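Asks: sequence and predicted structure below; questions after.
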Amino acid sequence: MFDLHASLFGLVAILALAFLTWVMSLLKRDVSIVDSVWSLLCLAAATAYCVALPETGPRTAWVAGMLLLWALRLTGYITWRNWGEAEDARYQAIRARNQPYFGLKSLYLVFVLQGVLAWIVSLPLLAALASPTAPGWLDALGLALFALGLVFETIADAQLARFKGRSNSRGMVLDSGLWRYSRHPNYFGEFCIWWGFYLIAVAAGGWWALPAPLLMSLQLLKVSGVALLEKDIVERRPAYRDYVARTNTFFPWLPKR
């Protein structure tokens, strides 16, 4: 059952954290920090759901553990990756398009928007935490899909970080490891994680949370994920054209040759 009070409480928690992050971005003159905080927004929502719900169900402990593991890993990795770097080019472009007063505009253009997206994505968590029904086989399937996704994106991120750390990687293409079977194995991992959470929500009676994995899939494939990264990558890495010809875009599969 959908609990409107708990849902709105989660939205308030997310927007409060988004506001604090916005203040930090003004001090740093860098809105890229929203990427580091993204997973913490979902964690804030789940924490608020636990507080606001009259009673939590039998899935609470392990769903919370899954979310905490995902959130801390992703926040830690993105923070480490971006440490000491200039503002991400995506946000530099947004900044340039929205002058003057981008600092003020970024509150709603970046932080509130990311907060609302995180709130929608967190809906399966609300369903899973609120349900009193006993876990079953669909929960196990969701947990397995989550585990696959977490392992996939963790290994993919580590392989990419190692590749970028090589002195001769400039202009080259990573086409080994998991990247041999998918051009975006890290995003595929994230896809599996949120469809895993949704299967757990369905097991808890939360079929209504379907907009969450659909939104995440849209973001990964068409908005800020695959489509954005591949828009001009061939210009920067000409070898990527051949990589595209032989490697699946998203779902892992054997190379074409």
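Replies: Okay, I see it. Residues are numbered from 1 along each chain as shown.

Asks: need the helix or strand of the protein with the lowest average pLDDT.
Replies: Ranking every helix and strand in the chain by mean pLDDT, DSSP states H and E puts helix 233-236 at the bottom, with a mean of 82.

Asks: show me the contact partners of it.
Replies: 171, 240-241, 244 (CB atoms under 8 Å, 6 or more residues apart in numbering). No exception for glycine: its C-beta is placed from N, CA and C like everyone else's.

Asks: ok, stretch 61-81 next?
Replies: 35-40, 42-43, 46, 50, 125, 128-129, 143, 146, 150, 154, 157, 161, 193, 197, 200.

Asks: cutoff 7 Å now
Replies: Contacts with stretch 61-81, where a contact means CB atoms under 7 Å, 6 or more residues apart in numbering, come from 35-36, 39-40, 42-43, 46, 125, 128-129, 146, 150, 154, 157, 161, 193, 200.

Asks: buried ones among the residues you listed?
Replies: Neighbour counting over the contacts of stretch 61-81 (16 or more other CB atoms under 10 Å) leaves 35-36, 39-40, 42-43, 46, 125, 128-129, 146, 150, 154, 157, 193, 200 as the buried ones.

Asks: tell me which two of those residues sit farthest apart.
Replies: Greatest spatial distance among those (CB to CB): 129 and 157, at 27.6 Å.

Asks: which element is residue 167 on?
Replies: Counting by DSSP states H and E, no helix or strand carries residue 167.

Asks: burial of it, as a residue count?
Replies: 5 (other CB atoms under 10 Å).

Asks: count of neighbours near residue 224?
Replies: As a burial measure, residue 224 scores 16 neighbours (other CB under 10 Å).

Asks: and the residue nearest to it when sequence neighbours are not counted, how close does it get to residue 245?
Replies: Of all residues not flanking residue 224 in the chain, residue 90 sits nearest, at 7.7 Å (CB to CB, 6 or more residues apart in numbering). Distance of residue 90 to residue 245, computed by CB to CB, to the nearest Å: 27 Å.

Asks: between these two, which is the more surrounded one?
Replies: With neighbours defined as other CB under 10 Å, residue 90 and residue 245 compare such that residue 90 has more, 14 against 10.

Asks: and stretch 179-195, how far from the chain's centre?
Replies: The chain centre lies 11 Å from the centre of stretch 179-195; the measure is CA atoms, centre = their mean, to the nearest Å.

Asks: quick check: mean pLDDT of it?
Replies: Per-region confidence: stretch 179-195 scores 97 on mean pLDDT.

Asks: which residues touch it?
Replies: 70, 121, 145-146, 148-150, 152-153, 156-157, 159-160, 178, 212-213, 216-217, 220, 225-226, 243, 247-255.

Asks: now do the buried residues in that stretch.
Replies: Neighbour counts over stretch 179-195 (16+ other CB under 10 Å) mark 179-195 as buried.

Asks: now do stretch 76-95, average pLDDT.
Replies: Per-residue scores along stretch 76-95 average to 93.

Asks: quick one: distance of it to the chain centre.
Replies: 15 Å.

Asks: now do the same end-to-end measure for that stretch.
Replies: End-to-end span of stretch 76-95 (CA to CA, to the nearest Å): 25 Å.
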